[in-house]
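**Q** what follows is a predicted protein model with its sequence.
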Amino acid sequence: MEKKTFAAGSKTVTLYLAEMPDAPLIVYNTFAGDGSDVADRLQALGAPAHHLLVVSGIDWYHDMSPWQSDALSKKKPPCTGGADAYLAVLQQEILPHALELLGGKPDFTGIAGYSLAGLFAVYALYQCDAFDRAASMSGSMWFPGFLDFAQTHTMLRTPAKLYLSVGDREARTRHPLLRTVQENTEQLAKIYRASGIDVTFALNPGNHFQEPDLRTAKGILDLLNKDRICR
């Protein structure tokens, strides 16, 4: 795939281009790197033609968190609720420039992320109508107040496909918040299915840190292959 890069403030954006301008576009927010590991996994899995837009250089605990929350531990910073501000940058700066580089209109635009970026991918559906598919891999669905938020708010655009996953050992922790992650993710899957959304729920082997690149690629692949469930 052809690769182009550009900057958006402090963010570094890498665009992997398909040969077909109208191929689907997947936006992938990541903690670090250019997403080449996920792009390689997708290619190895035989993913259909797609554009992959990778945003890094993210202020993780600010840009990916929907509102303020205390730190999980003394070693972690608090979440400071900058998701809406980052989403504005994504819609107003990053996506328009990426669309210029594509030279065509994508068949659809999806959003994907791992951990806090997985939470952000789902939250974005409530705050804007730019995405019609979303994938949250090992998403931080333990985030205080998010389950209540999802039950009391309406998405601005109902996604054609939603992928949610979690590791089967992620909830095995003494931390009272983190141990809710699987239960909350499963509950969200039920809520979204009940509202008519096409939801894939995947329970992956291992803890939060096991094979994140492969888990991410499988989630994105599920968005690209609507009739194929990738577990």
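**A** Yep, that arrived.

**Q** who touches the helix or strand hosting Tyr192?
**A** Tyr192 belongs to helix 181-194 when elements are defined using DSSP states H and E. Helix 181-194 is contacted from outside by 122, 138-142, 146-147, 150-151, 162, 164-166, 168, 170-171, 199, 201, 203, using CB atoms under 8 Å, 6 or more residues apart in numbering. The C-beta positions use only the backbone N, C-alpha and C, and glycine is treated the same way.

**Q** just the buried residues of that helix, please?
**A** Using 16 or more other CB atoms under 10 Å as the test for burial, helix 181-194 gives Val181, Gln182, Asn184, Thr185, Leu188, Ala189, Tyr192.

**Q** from His51, how far off is the first one?
**A** Distance check for Val181 against His51: by CB to CB, to the nearest Å, it reads 30 Å.

**Q** equivalent analysis for the second one, please.
**A** When CB to CB is the yardstick, Gln182 and His51 sit 32 Å from each other.

**Q** in the protein, which spans are helices?
**A** Counting by DSSP state H, the chain has helices at residues 36-44, 60-63, 83-89, 95-102, 116-127, 146-152, 181-194, 212-224.

**Q** touching, Leu164 and Leu203? I think so.
**A** No: Leu164 is beyond contact range of Leu203, at 10.0 Å (criterion: CB atoms under 8 Å).

**Q** output the below-cut-off pLDDT ranges for the protein.
**A** Along the chain, the parts satisfying pLDDT under 70 run over 226-231.

**Q** on that earlier part again, quick one: which of the helices of the chain is nearest Lys4?
**A** helix 95-102 (5.7 Å; CB to CB).
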